[in-house]
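Trainee: build me a structure from this.
(one chain, ligands or ions: 3)
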Amino acid sequence: MSAQVQRPSQVEAAVVRGTEEKFRLEKLELSPLGPLDVLVKVAGAGLCHTDLAMRGPAGVPLRPIVLGHEGSGVVVAVGSQVSKVVAGDSVVLSYDSCGGCGNCRSGRPYFCAAWFDRNTGPGLSREHATLVDAEGGLVNNSCFGQSSFADHSVASQNNVVKVSPELPLEILGPLGCGLQTGAGAIVNVLQVRPGQSVVVFGAGAVGLAAVMAARICGAAPVIAVDLVEERRQLAREVGATHALDGAAPDLAHQLQRITSGVDCAFDTTGKSAVIATAVSALAQGGTCALAAIEDEVRLPAQQIVFGRRLTGVVEGNAVPDVFIPQMIEWWQSGVFPFDKLIERFPLRDINEAADASVSGRVVKPVLIP
Ligand SMILES: NC(=O)c1ccc[n+]([C@@H]2O[C@H](COP(=O)([O-])OP(=O)(O)OC[C@H]3O[C@@H](n4cnc5c(N)ncnc54)[C@H](O)[C@@H]3O)[C@@H](O)[C@H]2O)c1
Ligand SMILES: [Zn+2]
Ligand SMILES: [Zn+2]
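Mentor: Ligands and ions are numbered 1, 2, ... in the order given. As a prediction, the model looks like this:
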């Protein structure tokens, strides 16, 4: 059953059709909303490394697709069973979850049984409005339950977080994925305590959010490692006590000189060699958390047997309804200056934004429809 609501019948979206193809703006027909759908007029959408990974060969089965999973905007219409938001509400869009599986019911939507289907899959477990192209073909719009590289996004009741209309809505989208993942890795997964040492590998949006959160937790030292000098500089600006060159042949020794063994390590590079360095840098009893899925992990079993731990991070293991307002509060009090990472691009310049992200020039492009 679909709600009878006022909504635009057409959406303009950045569509990816083939492997390695560029984004192309297209006008698409929007079908009626499903009962739990929330139609959002997009104010801005962050571009995350994961969008670029999904644009590559990993995203093939889903083509054609509208990517984008860090949207924010204003609700324009809701499905018949939506009670959480109403038209006119300002919202940040986050990852999707079913709300009904065991992990969702016990407050862990980041481990939702339908996670892959709803976020990186075809979204078959969700009855939602679809997009149809000029030739009558379906265009997948289930990317993290939002596909927000568009002027309108079909989200669901489960992945919208209401925020104050007083906030700069267009730059809030990245709170829904990259920033939540980095900050949540520190707060929810590693549970960093005052005085603990932290090292973060990769100073992109995820890593820099982790650096900021580590300082908020009272960690010291907080060491950032990246290959790009501008990113190391940015890491210092947002709170890193040290910033090291990831290509330095004596990196392990440099880490040892700063702290004889780190309590908490966080890898955002996904590179086997970096993960090995991260685990080796741990003190016994220390934990390394991984956010990226690029390579295999190969470690001497001895390192784990003698008390080092390795774990993973899904969206910061955060409940968006709790964690996004928390990050906004930090930002308002000046300790989480995520706006320093953002550069705005018109949605029509999405290919330039992607290039700027790949080259390392821009940490977090935000696309404005
Ligand atoms: N697990 C999750 O829920 C989740 C959520 C969001 C993003 N991600 C993933 O997290 C990763 C980071 O995302 P991002 O948006 O910050 O990406 P990004 O590309 O902006 O940042 C990665 C950083 O790692 C640095 N780097 C690369 N190789 C390095 C090396 N050998 N040593 C040191 N630094 C190195 C790069 O210079 C770059 O600054 C991506 O793989 C993304 O897909 C995971
Ligand atoms: Zn992401
Ligand atoms: Zn679930």
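Trainee: up against ligand 1, what does the stretch 51-200 of the chain have?
Mentor: By CB under 6 Å from any ligand atom, the residues of the stretch 51-200 of the chain that approach ligand 1 are Ala53, Cys177, Gly178, Thr181. For the C-beta atoms, the positions are set from N, CA and C on the backbone; glycine is no exception.
Trainee: looking at those residues, which has the most residues close by?
Mentor: Counting neighbours by other CB atoms under 10 Å, Gly178 leads those with 31 neighbours.
Trainee: next one: phi and psi at it?
Mentor: phi -60, psi -50 (degrees, to the nearest 10).
Trainee: and the residue of the stretch 251-369 of the chain closest to ligand 1?
Mentor: Ala292 (3.2 Å; CB to the nearest ligand atom).
Trainee: can you show me the strands along the stretch 251-369 of the chain?
Mentor: For the stretch 251-369 of the chain, the strands defined by DSSP state E, counting those that start in this stretch occupy 262-267, 282-290, 309-312, 342-346, 364-368.
Trainee: so whichever residue of the stretch 51-200 of the chain sits closest to ligand 1, which of the three states?
Mentor: Nearest to ligand 1 in the stretch 51-200 of the chain, going by CB to the nearest ligand atom, is Thr181, at a distance of 3.7 Å. Classification of Thr181 using DSSP: H, G, I helix; E, B strand; the rest coil returns helix.
Trainee: hang on, it packs against Ala209?
Mentor: Yes. Judged on CB atoms under 8 Å, Thr181 makes contact with Ala209 at a distance of 7.2 Å.
Trainee: dump the residue contacts of Pro57.
Mentor: By CB atoms under 8 Å, 6 or more residues apart in numbering, the contact list for Pro57 reads Thr19.
Trainee: so where's the chain shaky on pLDDT?
Mentor: 1-7, 60 (pLDDT under 70).
Trainee: how about the residues of it by ligand 2?
Mentor: For the chain, the residues in contact with ligand 2 (CB under 5 Å from the ion) are Cys48, Thr50, Cys177.
Trainee: save those residues as JSON lines, and put in secondary structure too.
Mentor: Listed next are the residues of the chain next to ligand 2 as JSON lines, based on three-state DSSP:
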{"residue": "Cys48", "secondary structure": "coil"}
{"residue": "Thr50", "secondary structure": "helix"}
{"residue": "Cys177", "secondary structure": "coil"}
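Trainee: got the domain boundaries for the chain?
Mentor: 10-176+337-368, 179-315 (automatic domain parsing).
Trainee: how about the last one and ligand 3, touching?
Mentor: Right, the one you point to is domain 179-315. No. Between domain 179-315 and ligand 3, judged by CB under 5 Å from the ion, nothing touches; the nearest distance is 12.3 Å.
Trainee: can you give me how far that domain is from the chain middle?
Mentor: Computed by CA atoms, centre = their mean, to the nearest Å, the chain-centroid distance of domain 179-315 equals 18 Å.
Trainee: stretch 121-137 now?
Mentor: 23 Å.
Trainee: so what touches that stretch?
Mentor: 2, 11, 13, 15, 26-37, 39, 61-62, 64, 66, 96, 98, 114, 117-118, 138-142, 145, 147, 154, 156.
Trainee: list the helices and strands the helix or strand hosting Asp51 packs on?
Mentor: Following DSSP states H and E, one finds Asp51 within helix 49-55. Counting contacts by 3 or more CB pairs under 8 Å, 6 or more residues apart in numbering; DSSP states H and E, helix 49-55 packs against helix 350-358.
Trainee: packing partners for the helix it packs on?
Mentor: helix 49-55, strand 342-346, strand 364-368.
Trainee: show me where the stretch 151-300 of the chain has helices.
Mentor: For the stretch 151-300 of the chain, the helices defined by DSSP state H, counting those that start in this stretch occupy 178-184, 205-216, 229-237, 251-258, 272-280.
Trainee: that older thread, show me which positions of the helix holding Asp51 end up buried.
Mentor: For helix 49-55, the neighbour count (16 or more other CB atoms under 10 Å) marks His49, Thr50, Asp51, Ala53, Met54, Arg55 as buried.
Trainee: do stretch 128-139 as well
Mentor: Buried residues in stretch 128-139 (16+ other CB under 10 Å): His128, Ala129, Thr130, Leu131, Asp133, Val139.
Trainee: farthest-separated two in those?
Mentor: His128 and Asp133 (17.1 Å; CB to CB).
Trainee: could you check which residue of the stretch 101-250 of the chain lies nearest ligand 1?
Mentor: Taking CB to the nearest ligand atom, the stretch 101-250 of the chain has Gly204 as its residue nearest ligand 1, at 2.0 Å.
Trainee: so that residue sits against His49, correct?
Mentor: Yes. Counting by CB under 8 Å, Gly204 does reach His49; the two are 6.5 Å apart.
Trainee: please report how far Ala235 lies from ligand 3.
Mentor: Counting by CB to the ion, to the nearest Å, the gap from Ala235 to ligand 3 is 35 Å.
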